[in-house]
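1. Here's a sequence, model it:
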Amino acid sequence: MSAPPPVPDHALGAKERACMGAMLLVGWSTFEVGVFSTSGDPASVLALLPGWVALTLGAALVMGASARVRWLPAAIAVSSLAFALAHHWRVVRLSPPGSRLPQASFALSVAFLATLFLERRFQSGRLRTGFALGLLASQAFAFLHHGWRPHHRVFLPFGLVLFVLGLVPRRSWRTVATLLALLIAALPLSTRIQKGLRYRRADLPAPAESAAKGRPNLVLVVMDTVRADRLSCYGYERPTTPGLDAFARDHATLYERARSTASWTLPSHASLFTGRMPADHGADHPRGEEAIVEGPDVIRPACGLWTGAPTLAERLRAAGYRTGAVVANEAYLDHRFGLDRGFERYDDRRGSYVDGYVALSQTLGWRLPVGHLVYRDARRIVELGRAWVESLPVDRPFFLMLNLMDAHEPVLPPSPFDRAFGDGTPRDPLRPLPSERSLEYDRGLAYLDAELSDLLRWLGESGRFEDTVVIVTADHGEAFGERRGFFTHAWLLYEELLHVPLLVKPAGRRVKAVEPEPFSLAQLYPLVLRLTGVAEEAFPEARPVAEWYRGPSNEEIDRWAARTGHDLEADLLAWLDGDLKFIVSSKGTVEAYDLALDPRELQPIELSSERIEQALSFARAWWDAHPPFHVEGSLPTLDAYEIERMRALGYAGGETAPDE
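-> Below is the predicted model:
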């Protein structure tokens, strides 16, 4: 019996074409599900599910309509290609995420035309072929924008097998072969998912029973990259922190002049945990060593915490406290740097970052934070911290440390905070212009404040608030162009980078509402020991305010240094002498500011030659007394994911935010 004649494409009805269009989107979305589900937060896939469903229904409607308008798929392909070329030639301008939509539309319409051709030529399985071509089109799109990804090793063979199976005559074993291919593809994916879910450091056993019963709990919240003068409780004009305003007004002591010991994350956290300056604890740039280079990227090198510096968690654990930490900045709070010492639970798992991959629904602006936050957001960090506390027995005090990173670039607060303060939105939320960063920063603070308010509310509702010492602070600040266009942190030791918020609520009643005296975050170590009743230790003697040890830069910093004549190859030391603040570089330059008259350090004061020499002698004496010493580790070998993540945080060379 002869084979039936080929069915012309116009014989396919609206229902058949709608199903084919839907299967193209299902295949495309399958690859995206694989990409997002193998991040450190597989649940992020659920946030994109409504977008995938909407696009699938839209494709079904459009392709179903092509049964009546047969040239519609070709028209979509041609118009999409023309629009993509127009954007490339700057005839029209789309946001960077949106610029990928015409290319994706072109790929999908071409895949649909190919499915119609194969149906007419081979009478292949419509749904299977549509799914396979959608899966292959998504991988071609990903390769165009991101290069070869590990997921291609799984989905490319799977898509090719399905495509070939769709071309062969119908046989019963084809379904079996399809299921077998799906199983083989699922195995490596499940392995990657499990790897992302695992803790990166095994939990320690609970501490032995001790005299800790009856002592207060401790909750320490470190807001990454938050400067004091952007909180409304510190006088900022925008109401960025209404929750912390109420907390400071009713319960906590507000430290007006708290300062960090460094202008970047690792050394400042280490000082907070040990009560020592960076030169004393060692968790800083490797002094005198070359930068670590991985391929084209220069990674900011760092050394681990010196084992001779006992940590706050170790002291409290020895006193019988249950100790846990959940950190968002898993780049420099990675347990491999030693800041996890003393924590029985140290959660530094990866977030949902997917190396810059933009899902199809995200080209329309849908759920942009998913997969593009280089850290877990505040809601997730707070949820994990609460869950750990609630798992503990009620008869033992706990120490919970939370690191929240939502004010660090990229700042992508969720709705409604992404439109707070009503001044528009950036054209590209993933890479805002310098003029847009300040507003986005304030929106990130508003989101942080809302999550901290929920944490404080939970402490009250659970009956723990009165018996808990609560400390809210930051590791360093952020600059917004005060220094002739300097928009970041590190490299400098001015007040916008060192002046941090500090709110301290003791167990029971506070002693005073405001503390006007200068306070270093290194002094928080003995203060916590006193507030918890673990030890009465003297506060450290007068010392420098902060240190910076030179490290590699990135393109943005290099351009700024070339424009301003700033020497990036110098160490810096800052200290206070009454209201005078000195900043001395290892190249012999001395700056001094009267903070009482010039708190923003905009007008350096003139110093006599004798005063300059005294400042230089002080700095030399400090560096001579604190020479580099061998530390236990440095930035480990990085995989492709970690390099991309470090670049996104500004810690590696490569593409930076655009100029105005």
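2. Domain map for the chain?
-> Taking automatic domain parsing as the domain assignment, the ranges for the chain are 9-197, 217-540.
3. Of these, which shows the lowest average pLDDT?
-> Ranked by mean pLDDT, the domains of the chain end with domain 9-197 in last place, scoring a mean of 82.
4. And the strands in the stretch 401-550 of the chain?
-> All strands of the stretch 401-550 of the chain, identified by DSSP state E, counting those that start in this stretch, fall at 468-474, 502-505, 514-520, 546-548.
5. Helix or strand next in line after the last one, which one?
-> Right, the one you point to is strand 546-548. Downstream of strand 546-548, the first helix or strand assigned by DSSP states H and E is helix 555-564.
6. Now that next one: average pLDDT?
-> In this model, helix 555-564 has an average pLDDT of 82.
7. which stretch of helix or strand covers the nearest residue to residue 144 once chain neighbours are set aside?
-> Ranked by CB to CB, 6 or more residues apart in numbering and with sequence neighbours excluded, the top spatial neighbour of residue 144 is residue 103, at 7.2 Å. Heads up, the C-betas are built off the backbone N, CA and C, glycines and all. Per DSSP H and E: residue 103 is located in helix 100-122.
8. Which neighbouring elements make contact with that helix?
-> Using 3 or more CB pairs under 8 Å, 6 or more residues apart in numbering; DSSP states H and E as the contact test, the elements touching helix 100-122 are helix 14-37, helix 72-88, helix 126-146, helix 152-167.
9. do you know which of those lies nearest residue 114?
-> Of all the helices and strands packed on helix 100-122, helix 126-146 sits nearest to residue 114, with 5.8 Å by CB to CB.
10. what's the angle from the closest one to helix 100-122?
-> Helix 126-146 runs at 140 degrees relative to helix 100-122, counting by axes from the mean of the first three to the mean of the last three CA atoms, to 10 degrees.
11. Enumerate the positions of helix 126-146 that are buried.
-> Under the neighbour-count criterion of 16 or more other CB atoms under 10 Å, helix 126-146 has 126-139, 141-142, 146 buried.
12. helix or strand for residue 650, which one?
-> Residue 650 belongs to no helix or strand when assigned by DSSP H and E.
13. contacting residues for it?
-> For residue 650, the contacting residues are 409, 488, 554, 556, 656, by CB atoms under 8 Å, 6 or more residues apart in numbering.
14. Kindly present these as CSV, with separate columns for neighbour count and distance to residue 245.
-> CSV is the format used below for those (neighbours: other CB atoms under 10 Å; distance: CB to CB, whole Å):
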residue, neighbour count, distance to residue 245
409, 23, 25
488, 22, 27
554, 19, 36
556, 20, 33
656, 17, 34
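15. Need the max-distance pair from the residues you listed.
-> Farthest-apart pair in the contacts of residue 650 is 409 and 554; separation 12.3 Å (CB to CB).
16. how far is stretch 374-386 from where the chain is centred?
-> Put simply, stretch 374-386 sits 11 Å off its chain's centre (CA atoms, centre = their mean, to the nearest Å).
17. Only the buried residues of that stretch, if you could.
-> By neighbour count with 16+ other CB under 10 Å, stretch 374-386 contains the buried residues 374, 375, 376, 377, 378, 380, 381, 382, 383, 384, 385, 386.
18. Not counting its neighbours along the chain, what's nearest residue 277?
-> Counting by CB to CB, 6+ apart, residue 277 lies nearest to residue 261, which is 5.6 Å off, once chain neighbours are set aside.
19. from memory the residue nearest to residue 144 sits against residue 83, does it?
-> No - counting by CB atoms under 8 Å, residue 103 stays clear of residue 83, with 9.1 Å between them.
20. Only alpha carbons, please: show the helix or strand where residue 246 lies as PDB.
-> If you go by DSSP H and E, residue 246 is part of helix 242-250. Provided in PDB are the C-alpha atoms of helix 242-250 (Å, rounded to 0.1, in the frame of the first residue of the first chain):
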ATOM      1  CA  PRO A 242      10.700  53.900  59.100                       C
ATOM      2  CA  GLY A 243      11.000  50.600  60.900                       C
ATOM      3  CA  LEU A 244      14.500  51.300  62.200                       C
ATOM      4  CA  ASP A 245      13.500  54.800  63.100                       C
ATOM      5  CA  ALA A 246      10.900  53.400  65.500                       C
ATOM      6  CA  PHE A 247      13.300  50.800  66.800                       C
ATOM      7  CA  ALA A 248      15.900  53.600  67.600                       C
ATOM      8  CA  ARG A 249      13.200  55.900  69.100                       C
ATOM      9  CA  ASP A 250      11.700  53.300  71.400                       C
END
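21. Dump the strands of the stretch 401-550 of the chain to JSON lines, plus distance to residue 447 and mean neighbour count.
-> Below are the strands of the stretch 401-550 of the chain laid out as JSON lines (distance: least, CB to CB, whole Å; neighbours: other CB atoms under 10 Å):
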{"stretch": "strand 468-474", "distance to residue 447": "15", "mean neighbour count": "24"}
{"stretch": "strand 502-505", "distance to residue 447": "18", "mean neighbour count": "24"}
{"stretch": "strand 514-520", "distance to residue 447": "26", "mean neighbour count": "15"}
{"stretch": "strand 546-548", "distance to residue 447": "28", "mean neighbour count": "26"}
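22. In TSV: the ones you listed, plus distance to residue 448.
-> TSV is the format used below for these (distance: least, CB to CB, whole Å):
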stretch	distance to residue 448
strand 468-474	10
strand 502-505	13
strand 514-520	22
strand 546-548	23
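23. Of those, give the one that comes closest to residue 31.
-> Nearest to residue 31, of all the strands of the stretch 401-550 of the chain, is strand 468-474, at 39.5 Å by CB to CB.
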